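A.B. asks: Next comes the sequence, and after it the predicted model I'd like to discuss.
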Amino acid sequence: MSKNPFADPPAEVGSSAPDVAPPAYTPHDAVASSSSSAPRPEPQAPREPFHMSDSTSPYLPFPPSLNVYYQWKFTRTFHLGDSANHKLYALSAWGEIGSKGPGIPCIMLHNGPGAEDPALAVCCEEKNWTFRSRSIDGVMVLPSVDAPSKERGTETITELLRSETSSRQTGVSFGYSIEVAQPGGGLRREDFEWRRIQDKEKLDGYSNGFELFRAKPGQGGEPDDEVLAVVLFKGMLNVNKPLNFEFKGRSLSGELGDRWAVMAIMTGIRIWFLFFSSRTK
């Protein structure tokens, strides 16, 4: 039987993160984007501020395909990598119980292979969420698009991953908005949607899967039927590559930007977690 990475282990080594040199800062992250008029979602308040990376630039470029790898010990930390011997990014899952950590249920994507590395993104629940809540919407915490300042340090913003009923398919879909890198520089905010895969042949032996699309055609007439990413996952008892994430189409070149890539990965992991914990089907 596999070990549940989302459960609180009986004991945890201190999780305080030392100062880590920030990753390289890319120019497009420093350019202000168009902002949505909708209010930002408010997450549950952590016990202490999240130890965030200075930007959404990964310390190494994301490979085209990533798998989740569990550790063969009872721990809250597991990994993303392109092979079992090349684990690139740590993922840490936290619950409410325990004196260590943020004190709220959340999943952190770290900018490095260790749980002490700063977070590229954090997925947590909405402010008033409880274990009795029926909502499966999630809040993503990301570094701000603005460069850190000496006065304020690294600031964060929040994005909502909202569950939706799609007219294109049966079952739930998930939508969100995020800034996308532009060819001439700067960022533009766009809407995206994870849609459930109905064709079993596309699942490649996995139990469930979703494909990521633009929710609306972008400027320049980009089609909204282009698959930009795929996330496939298995049941909770599978320990061998329980999740596979792949960039597709134009996202393979990295042209959509680091911020877009981090959000795609983090929302895909959130969807897996919802199925893993039987909060949706």
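C.D. replies: Alright, I've got the coordinates.

A.B. asks: and the gap between F233 and P63?
C.D. replies: 18 Å (Cβ to Cβ, to the nearest Å). All C-beta spots, glycine's among them, are computed from the backbone N, C-alpha and C.

A.B. asks: The two: which is more packed in?
C.D. replies: Using other Cβ atoms under 10 Å as the criterion, F233 and P63 rank with F233 on top: 25 against 16.

A.B. asks: so what's the more buried one up against?
C.D. replies: Y206, S207, N208, G209, P242, L243, N244, W272, F275, F276 (Cβ atoms under 8 Å, 6 or more residues apart in numbering).

A.B. asks: On the pLDDT front, check the last one for me.
C.D. replies: We have a pLDDT of 82 for F276.

A.B. asks: same question, the third one
C.D. replies: For N208, the pLDDT comes out at 94.

A.B. asks: Does it touch L232 like I think?
C.D. replies: Yes. Assessed by Cβ atoms under 8 Å, N208 is found in contact with L232 at 7.4 Å.

A.B. asks: hang on, the earlier thing: just the buried ones among the contacts of F233, please.
C.D. replies: Y206, N208, G209, P242, L243, N244, W272, F275, F276 (16 or more other Cβ atoms under 10 Å).

A.B. asks: Now do the same contact list for the fifth one.
C.D. replies: By Cβ under 8 Å, 6+ apart, the contact list for L243 reads N67, V68, V231, L232, F233, K234, G268, I269, W272.

A.B. asks: For the stretch 151-281 of the chain, just list every one of the strands.
C.D. replies: For the stretch 151-281 of the chain, the strands defined by DSSP state E, counting those that start in this stretch cover 156-165, 172-181, 187-196, 208-214, 229-233, 243-247.

A.B. asks: Go through those and pick out the most buried.
C.D. replies: Comparing the strands of the stretch 151-281 of the chain by mean neighbour count (mean count of other Cβ atoms under 10 Å), strand 229-233 ranks first with a mean of 24.

A.B. asks: Near the nearest residue to V122 once chain neighbours are set aside, how many other residues are there?
C.D. replies: Nearest-residue entry for V122: V141, 4.2 Å, with adjacent residues in sequence omitted and distances by Cβ to Cβ, 6 or more residues apart in numbering. Applying other Cβ under 10 Å, we find 22 other residues in the vicinity of V141.

A.B. asks: do the same with the one 10 residues further on
C.D. replies: Burial measure for E151: 5 neighbouring residues, criterion other Cβ under 10 Å.

A.B. asks: pLDDT score assigned to it?
C.D. replies: pLDDT at E151 comes out at 72.

A.B. asks: ok, now W260?
C.D. replies: 98.

A.B. asks: Quick one: residues contacting it.
C.D. replies: Neighbours of W260 in contact, by Cβ under 8 Å, 6+ apart: I178, E179, V180, A181, S251.

A.B. asks: returning to that earlier point: just the contacts of F233 now: which is nearest D82?
C.D. replies: N244 (10.5 Å; Cβ to Cβ).

A.B. asks: mind listing what that closest one touches?
C.D. replies: Neighbours of N244 in contact, by Cβ under 8 Å, 6+ apart: S65, L66, N67, V68, Y206, V230, V231, L232, F233.

A.B. asks: In JSON lines: the residues you listed, plus distance to L120.
C.D. replies: Putting the contacts of N244 into JSON lines (distance: Cβ to Cβ, whole Å) gives the following:
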{"residue": "S65", "distance to L120": "18"}
{"residue": "L66", "distance to L120": "13"}
{"residue": "N67", "distance to L120": "18"}
{"residue": "V68", "distance to L120": "16"}
{"residue": "Y206", "distance to L120": "25"}
{"residue": "V230", "distance to L120": "20"}
{"residue": "V231", "distance to L120": "17"}
{"residue": "L232", "distance to L120": "22"}
{"residue": "F233", "distance to L120": "20"}
